[in-house]
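>>> Predicted structure and sequence below. I'll ask about it afterward.
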There are 4 protein chains.
Amino acid sequence: MAIRRYLFDGKSMSREICTGSFWRDLLSELLATFMLVSVQCVLPLSWGRETGFSDAVMTGLGMGFIVTTMAWSLGDFGGAHMNPAVTFAMIISLKMSILRGIFYIIVQMAGGLAGAGFAYAITPSKYQDRLSATTLGHLVTPWQGYLTETWITCILVITIMGSTNPVRKVGAQMPPLFIGLAVSLCIFAAWNHTGASMNPARSFGPAVVKSVWKDHWVYWAGPFSGSTLAAIIYFAIFDRVDRPKIKDI
Amino acid sequence: MAIRRYLFDGKSMSREICTGSFWRDLLSELLATFMLVSVQCVLPLSWGRETGFSDAVMTGLGMGFIVTTMAWSLGDFGGAHMNPAVTFAMIISLKMSILRGIFYIIVQMAGGLAGAGFAYAITPSKYQDRLSATTLGHLVTPWQGYLTETWITCILVITIMGSTNPVRKVGAQMPPLFIGLAVSLCIFAAWNHTGASMNPARSFGPAVVKSVWKDHWVYWAGPFSGSTLAAIIYFAIFDRVDRPKIKDI
Amino acid sequence: MAIRRYLFDGKSMSREICTGSFWRDLLSELLATFMLVSVQCVLPLSWGRETGFSDAVMTGLGMGFIVTTMAWSLGDFGGAHMNPAVTFAMIISLKMSILRGIFYIIVQMAGGLAGAGFAYAITPSKYQDRLSATTLGHLVTPWQGYLTETWITCILVITIMGSTNPVRKVGAQMPPLFIGLAVSLCIFAAWNHTGASMNPARSFGPAVVKSVWKDHWVYWAGPFSGSTLAAIIYFAIFDRVDRPKIKDI
Amino acid sequence: MAIRRYLFDGKSMSREICTGSFWRDLLSELLATFMLVSVQCVLPLSWGRETGFSDAVMTGLGMGFIVTTMAWSLGDFGGAHMNPAVTFAMIISLKMSILRGIFYIIVQMAGGLAGAGFAYAITPSKYQDRLSATTLGHLVTPWQGYLTETWITCILVITIMGSTNPVRKVGAQMPPLFIGLAVSLCIFAAWNHTGASMNPARSFGPAVVKSVWKDHWVYWAGPFSGSTLAAIIYFAIFDRVDRPKIKDI
């Protein structure tokens, strides 16, 4: 997967910015995050119907599928992180230069905002609810929310790390498929606890549009903690000790 | 994927029509669109039960799966577009001759009509409802509907472009799988706004059979706008700037 | 996929019966059909809860997954047809000897019976309902039911033919995955019309155990008609005209 | 898949314990089982809503996805069995040394306990219910429960054996995908009978945390019987008789 190719490659940062592919990658990241957040904002709207488990099923599958399709289609260009926490994990794993990472995160926030704005524009105001802005579940404390977001983001980033690792024994086949499954399952798991964000850009967009800021720190601290933890576990421990060599089974 | 092979290949158009494979491809397109629309027409029928989110889940997954299976099984022959908007995107991306494209669209409309007719024949009239004819959701304005259809068709066609691009770094593995996921997620996302057509042939069939023409222009203008936008974004921008070369990761 | 290897290979039929692999293949077919039908019989039981769309989603996905997993795990041995209509399509496509086909069908019926019996044994009688024996939906006429079963079996067998065709342009990657998706979508589509059998062995097992014989002919005539139609369409038309050659895209 | 590489490789057991990769593998197994059981414990919680089929759909898909993603991401290191019954099947199939197996099972039980504890910590006590501790369905006798667990574990382990068999005709592509589908379908099938454990570590964790011990033996005897049965069927019968040779189809 293309996520792998953002090595800090010896070019000075200033020279990287002058390449056409740098700006194309940012445009790709902007588009992918726009699609991700616009889809997210309309998926769980109830339109006056009773909610239960099937809205969680629909939202979880839908979000997994948008991650899979965008990462598969646009991953060649910008990597299609669509998530500041993922970009941060790439930076601390030395797979991406800090400058590029900063640009990515800025573009992701802009894409998330635009996506939430688009969802606002196409949805009748009567049915907008919170436009999927994330809030803590009933009786869930902020620290429980923080732990929950850390936990699911850790699952997501371990899956990203494991799937895109080029030194795998079976090769890196179709990582976006597995990454999408991870997104779906994490949304299923944490749906009632925190709304299952895993992604500050996804939480920030609707929060701005609908002014929902309660416990918003949870959706920044949790994802960044989880992705840092995953990067440490995967690269500092698993990937370092007696790494198995590539072989086609 | 076979969608790729309809290059305008230098044969004059009149000679192309004389080949056996041309008519076989049309027959394949007819069959695939028939299956797509017949499945679509019966999937969301409620049979008197309460509807909610799970009918959207069932319809979205079912439509994604029929696109995947038909594109996988028949894509070798005609590309299995099953959608005039997709065929149009292929034409303006110079992947298909205009004459072939016109024949495809005619055949797709015929297949859609036949599919809706078949659904009409096998379903008791008490339970036919609108046979899945697309209408705008409650309070959704035509322009919101137009934007929604543009948006989801853009997601679909970007996925098609990205998946079938032969210059991908990881090769073009199983594009129909990802295209089907895009169909599913777009149906989940726009279910309440517009019924999530993305496809004039899919909207036209049941509209004729059940005479549902209100706001029907939305289901032509939206998909064509979305597929044009996607073709421009993908080929004029992403695929042109510093295209990464193929390499097996 | 292993479904492909049952070519009529020049051995006389009597010699084939004497090989160990013949009986191993039958045992594999018996086991796979047992698993298929036992899973089918318990999947849609309501256990006193309200039914709607989500039981269709669960049954459709579950049946697609059992077909995929059994065909993937046991397909190497016996092809894992698990379905007399599929075996019949293989015979008339000259991919399997008639004698082998007859043995397969006998074993599939036995596996279906045993599977239904097992489901009967593990389920409290209060919650057995019809053990998933197939009946026509409310107001559905037998001929509508026959057309419906023909239609969905045709979708299934076209997917099988297309996925296991060794002359595909992209190779025959993981056919059981696509075949499973076809099973799922056909169950979604025909759930209310006929219960979506596509498979005489699957309908026969619970019919015997629960003595449900009304309109039972539909579940034999429909699947066999559909698989015959699919074999004719695929091999007599599509696969014969200007067959594209294998090339890795 | 990495599950295959635990051959009893001639090293004496005591030497194996001294390698860094042995302890890394145990850590990987601990992490994977922790994630599996923590996700399991929160997935089916109702949070006061009505339950029905969609909670089964969500739990089944979610558990299938966590197995797929963890096995895909961490399988390179420890095999990611996450299940004592699977480890036992690997031992009796001579794919893993007894000593390694014992360590695995110890670590799996610890991971399951920790996962259940984590789920306890992040979930408001009002909504913890049984934290997904497995109990028999209404009117289901212990022996019916035992047969049910044996049956679904047999499906799971046959899928594992078939998917990871290196002598397959089509190569061993992405086994975790198929193993995850097996987990999902088995949960759908046995949801009402036993809660669909298939895994002593998954049943043990929440049983300790919530002190639910009624019929607990079923969740040990069933999975071990099922995995033993599957190993016997697959390796003693199918894999031994006229094993088809590898060829790329």
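Perfect, thanks for sending it.
>>> Quick check: closest non-adjacent residue to A:Met90.
Nearest residue to A:Met90, sequence neighbours excluded (CB to CB, 6 or more residues apart in numbering or on different chains): A:Met96, at 4.3 Å. Where you see a C-beta, it was placed from the backbone N, CA and C, and this is true even at glycine.
>>> next one: phi and psi at that neighbour?
Backbone torsions for A:Met96, taken as degrees, to the nearest 10, come to phi -160, psi 140.
>>> Could you report the pLDDT at it?
Per-residue confidence at A:Met96 stands at 87 (pLDDT).
>>> isn't it right up against A:Phe88?
No. Contact criterion CB atoms under 8 Å: A:Met96 and A:Phe88 do not qualify, at 9.5 Å.
>>> returning to what we had before: separation between the residue nearest to A:Met90 and A:His81?
Noted for A:Met96: a distance of 9 Å to A:His81, by CB to CB, to the nearest Å.
>>> More neighbours: which of these two?
Using other CB atoms under 10 Å in any protein chain shown, the more surrounded residue of A:Met96 and A:His81 is A:His81, with 28 against 22.
>>> helix/strand/coil for the more buried one?
Secondary structure for A:His81, judged by DSSP: H, G, I helix; E, B strand; the rest coil, is coil.
>>> what's the distance between the most centrally placed residue in chain A and chain D?
The centroid of chain A falls nearest to A:Asn83 when counting by CA atoms, centre = their mean (3.7 Å). The gap separating A:Asn83 from chain D is 16 Å, by CB to the nearest CB, to the nearest Å.
>>> now swap in A:Pro206 and tell me
A:Pro206 is 22 Å from chain D, by CB to the nearest CB.
>>> Setting aside sequence neighbours, what's the nearest residue to that residue?
A:Ala133 is the one closest to A:Pro206 (CB to CB, 6+ apart), at 3.9 Å.
>>> since we're on the nearest residue to A:Asp55 once chain neighbours are set aside, how many residues are nearby?
Spatially, and ignoring its direct neighbours in sequence, A:Asp55 is nearest to B:Phe53 (4.6 Å; CB to CB, 6+ apart). Applying other CB under 10 Å, we find 27 residues neighbouring B:Phe53.
>>> ok, now which ones touch B:Phe53?
Applying CB atoms under 8 Å, 6 or more residues apart in numbering or on different chains to B:Phe53 gives the contacts A:Arg49, A:Thr51, A:Gly52, A:Ser54, A:Asp55, A:Val57, A:Met58, D:Ser54.
>>> Could you do A:Leu139 as well?
D:Pro124, D:Lys126, D:Tyr127.
>>> next one: phi and psi at it?
Torsion angles, degrees, to the nearest 10, at A:Leu139: phi 70, psi 0.
>>> How much space separates it from A:Gly145?
A:Leu139 is 11 Å from A:Gly145, by CB to CB.
>>> What's the nearest residue in chain A when you look at chain C?
Residue nearest to chain C within chain A: A:Ser54 (5.9 Å; CB to the nearest CB).
>>> Chain A: strands as residue ranges?
In chain A, no segments count as strands under DSSP state E.
>>> Give me the neighbour count for the closest residue to chain D within it.
Across chain A, the shortest distance to chain D (CB to the nearest CB) belongs to A:Gly162, at 2.6 Å. A:Gly162 has 28 neighbours, counted by other CB under 10 Å.
>>> you'd agree A:Phe188 is up against D:Met58?
Yes. Between A:Phe188 and D:Met58 there is a contact under CB under 8 Å: 5.1 Å.
>>> Model confidence score at the residue in chain A that chain B sits nearest to, please.
Among the residues of chain A, A:Ser73 lies closest to chain B, at 2.6 Å counting by CB to the nearest CB. pLDDT for A:Ser73: 93.
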